[in-house]
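K.L.:
Below are the sequence and a predicted model; questions follow.
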Amino acid sequence: MIATILSLLLSAGGVAQSHTTAGEIEKLVIAFNQAYERNDLEKYFSYYAEDVTQWFATGRVSLADYKKDWYALIQGGGGVEKNALSDIQVQVSPEGDAAVATYVLDVVTRQVGGKKTKERAFETDVWYKRDGKWKIAHIHYNAKEVP
């Protein structure tokens with residue numbers, strides 16, 4: 001009987017911790033995407049783990065190449081004009097040290113030269129807690145241009 005009660009209490013604590021962690025990740029996802037929308041590249045890239053893996057429509061992209069492309073876009077007069085986030089869902093690992101966030105993005109980007117592109121994207125971010133800090137360890141970004 002006592003073992004059953006202890007087991008229930010411990011599992012309830014795990015559920016509460018998972019809920020708290022999910023809320024923390026959701027706040028990080030929002031802040032990460034706000035930095036993207038503001039074209040605050042220093043803040044935006046601070047969420048990435050140095051060993052991040054990324055899948056985009058073009059295939060695997062290194063963090064160094066991704067940074068180079070974004071800095072060139074901003075320096076050339078381009079940038080994100082809109083990054084509307086919706087349908088955020090977060091799953092937390094049983095150990096509480098990893099989380100997966102999935103969400104939808106409606107993005108408007110001004111290219112160098114002024115042309116604007118509009119996309120509907122579906123993003124998956126994998127977050128790891130390392131040395132007490134949450135960092136994005138993997139991103140899968142699947143976007144489709146929309147009229």
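P.N.:
Right, received. Where do you want to start?

K.L.:
What residues are bridge-paired with the residue nearest in space to the middle of the chain?
P.N.:
With distances taken as CA atoms, centre = their mean, the chain has residue 125 as the residue nearest its mean C-alpha position (4.5 Å). For residue 125, the beta-bridge partners under DSSP bridges are residue 101, residue 139.

K.L.:
Give me the spatial nearest neighbour of residue 55, chain neighbours excluded.
P.N.:
Leaving aside its sequence neighbours, residue 55 sits nearest to residue 140 (CB to CB, 6 or more residues apart in numbering; 4.5 Å). Where C-beta positions appear, they are placed from N, C-alpha and C, glycine not excepted.

K.L.:
go on, residue 137?
P.N.:
With CB to CB, 6+ apart as the criterion, residue 137 has its nearest non-adjacent residue at 4.5 Å, and that residue is residue 128.

K.L.:
for that neighbour, what are its contacts?
P.N.:
Residue 128 makes contacts with 49, 97-98, 134-135, 137, as judged by CB atoms under 8 Å, 6 or more residues apart in numbering.

K.L.:
Check those for burial and list the buried ones.
P.N.:
When neighbours are counted using 16 or more other CB atoms under 10 Å, these contain these buried positions: 49, 98, 134-135, 137.

K.L.:
Going by distance to residue 76, which of those wins?
P.N.:
The shortest distance between residue 76 and any of the buried ones among the contacts of residue 128, using CB to CB, involves residue 49 and amounts to 27.4 Å.

K.L.:
where are the low-confidence patches of the protein?
P.N.:
Within the chain, the stretches falling below the threshold (pLDDT under 70) are 1-18.

K.L.:
Going along the chain, name the strands of it.
P.N.:
Per DSSP state E, the chain has strands spanning 48-56, 59-60, 79-92, 98-110, 116-130, 133-145. These are given in chain order.
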